[in-house]
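Undergrad: Here you go, sequence then predicted model.
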Amino acid sequence: MGNRIPDEIVEQIQKSADIVEVIGEYVQLRKQGRNYFGLCPFHGENTPSFSVSGEKQIFHCFGCGAGGNVFSFLRQMEGYSFTEAVFHLADKYQIDLPDHATAVSADNANDSEEKKMMEAHELLKKFYHHLLVNTKEGQAALDYLLKRGFKMEEIEHFEIGYALDSWDFIAKFLKRRGFEVELMERAGLIISRENREGYFDRFRNRIIFPIHNHHGTTVAFSGRTFTGEHPKYMNSPETPIFHKSRLLYHFHQARLHIRKEERAVLFEGFADVMSAVKSGIKESIATMGTALTEEHAKVIRRNVEEIILCYDSDLAGYEATLKASNLLQKKGCKVKVAMIPDGLDPDDYIKKFGSEKFKQDVIGASVTVMTFKMHYFRKGKNLSDEGDRITYINDCLREISSLSGPLEQEIYVKQLANEFSISSDSLKEQLAVFEKQTAARSRQNSRQESKERRAYISRTPRKRTGLRPAYENAERILIAHMVHDRNVIRKVLDKIGFEFNIDQHRALATFLYGMYEEETEISIQHLYKRVEDEELSQLLTDILMLQINDELSETEFSDYVKKVLNYRKWSMIKEKEAERAEAERQKDFIRAATLAQEIVKLNRLLK
């Protein structure tokens with residue numbers, strides 16, 4: 001058997017795994033006609049070009065060309081090997097695997113260092129949680145949480161734990177469980193002593209908050225002191241399984257609520273998320289001690305369009321809100337801002353005023369980004385002072401000039417006019433000046449982006465674009481029918497054979513001819529298993545996404561065959577016409593006459 005997973009096991013998993021459901025955990029999909037569409041997870045875009053066919057169990061992006069079946073998606077999305085993708089789906093759909101298949105899994109998937117790191121984190125999460133809720137050692141930490149307003153169901157929901165007040169208990173514990181200490185150091189769980197003789201625990205006498213990746217696997221911890229020690233929080237370092245620039249806290253549990261509410265609420269830290277979830281805002285997520293990144297924004301946009309930012313109300317929080325809103329808007333998100341008064345953070349506000357007031361007066365009263373910016377421009381200014389007032393109005397008009405909708409501009413200009421008893425006309429004159437400056441900057445940015453895009457295109461393999469010629473469309477449609485009908489394979493083999501004009505089409509037809517001769521079941525999934533080349537696999541997906549009739553009539557078939565075979569004749573005619581023109585130029589009239597006769601014969605064949 002070697003390291004090969006039996007075909008019948010792969011096929012069983014393939015039939016059990018619904019590609020729409022699997023991809024739906026990564027991408028917000030909406031049904032349009034027979035297929036589902038969403039934003040491609042493999043390249044940045046604001047307009048959905050990523051299509052998933054539940055009927056054919058394949059996906060395809062019309063923008064970047066990515067495509068394949070459910071195994072292909074996981075391999076591209078998660079970096080899985082084929083074996084890892086198979087076993088991930090077997091676990092997800094609770095398919096029992098025979099012993100010899102499990103052995104393959106052990107050989108191929110479970111021995112990776114990242115896998116061991118995750119296993120150690122999962123083990124410690126359960127151990128820390130047990131210490132908190134079931135032992136006398138964790139009683140003081142549990143009492144502290146209960147006094148802070150946590151309920152037991154919330155402690156269970158967030159799987160909060162407690163790390164013993166010991167220097168090396170965890171280091172020894174992990175070693176006894178068979179984990180290599182050097183690997184556990186790289187996982188951020190233990191720290192090497194200065195003299196390199198032994199290890200000590202990273203987390204000691206702290207309340208432990210597990211941090212999960214977007215699939216719900218524990219990949220890091222945050223330890224909070226409850227005895228007044230410094231620092232207040234101690235977090236896991238960046239490791240091969242924990243990347244703060246990509247991970248959003250609570251996302252694995254918030255995802256379903258985000259889809260249901262059709263919005264996400266983004267906070268700056270996990271303490272705010274916990275308080276918000278306790279308040280009933282279950283679509284809450286947070287960055288992990290870092291500013292919002294491109295990767296964070298991509299994850300959010302793939303899952304939802306509307307996002308509410310709820311950051312601290314101090315100066316740093318205001319500036320972070322501005323940066324995050326700009327980034328999210330560029331990714332196509334509809335952004336609103338929940339403003340908290342009195343210099344409080346969300347957690348403090350909830351403790352002071354209660355959950356209901358937070359839901360109604362903060363989240364429920366969220367404002368547009370422009371309104372937030374106008375509020376931000378007021379900070380530190382005395383608007384009764386003429387100089388500050390002019391600065392404030394100019395700041396607002398400069399920002400209004402960048403708004404794309406004239407209706408939006410009109411609303412905010414009127415707002416300024418009414419507030420300061422200024423005529424709208426004078427404000428619009430100044431607005432026009434800023435609009436010219438904005439347009440000039442936009443043209444300059446467009447030129448720079450165009451230059452960068454040309455440079456990117458010059459070093460990127462070109463894709464076929466525009467309208468395809470008739471012969472190419474004919475070949476694609478014939479291949480699409482061949483996948484679904486053995487009789488079409490036989491007829492194409494008889495009429496066209498290997499005379500396809502495009503090399504990749506000829507390769508796909510050859511695979512199908514082979515399956516036909518071997519009397520193998522013709523199916524999309526069986527064909528994918530044979531097509532190992534990534535570019536060819538993506539082309540196959542592109543062809544399979546074509547909308548074709550259930551049956552291919554004789555008239556259609558003959559027309560497609562004619563287009564395929566005639567193209568070669570057309571090519572020969574063009575070559576001979578060029579040769580004839582050259583012969584005439586050189587006054588070789590006998591050669592020119594011979595070529596003319598050959599051209600006539602070829603034209604007759606075309607008719």
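TA: Happy to help now that I have it.
Undergrad: need the strands for the stretch 51-200 of the chain, in chain order.
TA: Taking DSSP state E, counting those that start in this stretch to define them, one finds strands in the stretch 51-200 of the chain at 58-61, 67-68, 161-163, 190-192, 199-201.
Undergrad: need the ones you listed in JSON lines with mean pLDDT and distance to Gly514, can you?
TA: Yep, even glycine has a C-beta here, placed from its N, CA and C like the rest. Shown next, in JSON lines, are these (pLDDT from 0 to 100; distance: least, C-beta to C-beta, whole Å):
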{"stretch": "strand 58-61", "mean pLDDT": "91", "distance to Gly514": "21"}
{"stretch": "strand 67-68", "mean pLDDT": "88", "distance to Gly514": "20"}
{"stretch": "strand 161-163", "mean pLDDT": "97", "distance to Gly514": "56"}
{"stretch": "strand 190-192", "mean pLDDT": "95", "distance to Gly514": "54"}
{"stretch": "strand 199-201", "mean pLDDT": "94", "distance to Gly514": "57"}
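Undergrad: Turn these into JSON lines, including distance to Leu493 and mean neighbour count.
TA: Below are these laid out as JSON lines (distance: least, C-beta to C-beta, whole Å; neighbours: other C-beta atoms under 10 Å):
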{"stretch": "strand 58-61", "distance to Leu493": "25", "mean neighbour count": "26"}
{"stretch": "strand 67-68", "distance to Leu493": "26", "mean neighbour count": "24"}
{"stretch": "strand 161-163", "distance to Leu493": "65", "mean neighbour count": "27"}
{"stretch": "strand 190-192", "distance to Leu493": "64", "mean neighbour count": "18"}
{"stretch": "strand 199-201", "distance to Leu493": "66", "mean neighbour count": "20"}
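Undergrad: Out of these, flag the one nearest Gln547.
TA: The stretch from these with the least distance to Gln547 (C-beta to C-beta) is strand 58-61; that distance is 12.5 Å.
Undergrad: ok so, going back, mind putting the strands of the stretch 51-200 of the chain into TSV with distance to Met184?
TA: Listed next are the strands of the stretch 51-200 of the chain as TSV, based on distance: least, C-beta to C-beta, whole Å:
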stretch	distance to Met184
strand 58-61	38
strand 67-68	36
strand 161-163	15
strand 190-192	5
strand 199-201	8
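Undergrad: and Gly223, which of those strands is closest to it?
TA: The nearest among those, by C-beta to C-beta, is strand 161-163 at 6.1 Å.
Undergrad: and the closest one, what does it pack onto?
TA: helix 113-134, strand 206-212 (3 or more C-beta pairs under 8 Å, 6 or more residues apart in numbering; DSSP states H and E).
Undergrad: circling back to that earlier point, Ala338: which of the strands of the stretch 51-200 of the chain is closest?
TA: Nearest to Ala338, of all those, is strand 161-163, at 30.4 Å by C-beta to C-beta.
Undergrad: Within its sheet, name the partner strands of the closest one and how each one runs.
TA: Counting by DSSP bridges, the strands paired with strand 161-163 are strand 206-212 (antiparallel).
Undergrad: Beyond the partner strand, next helix or strand please.
TA: If you walk from strand 206-212 toward the C-terminus, the next helix or strand you reach (DSSP states H and E) is strand 218-224.
Undergrad: between that next one and strand 206-212, how big is the angle?
TA: If you take axes from the mean of the first three to the mean of the last three C-alpha atoms, to 10 degrees, strand 218-224 sits at 150 degrees to strand 206-212.
Undergrad: Quick one: residues contacting Lys574.
TA: By C-beta atoms under 8 Å, 6 or more residues apart in numbering, the contact set of Lys574 is empty.
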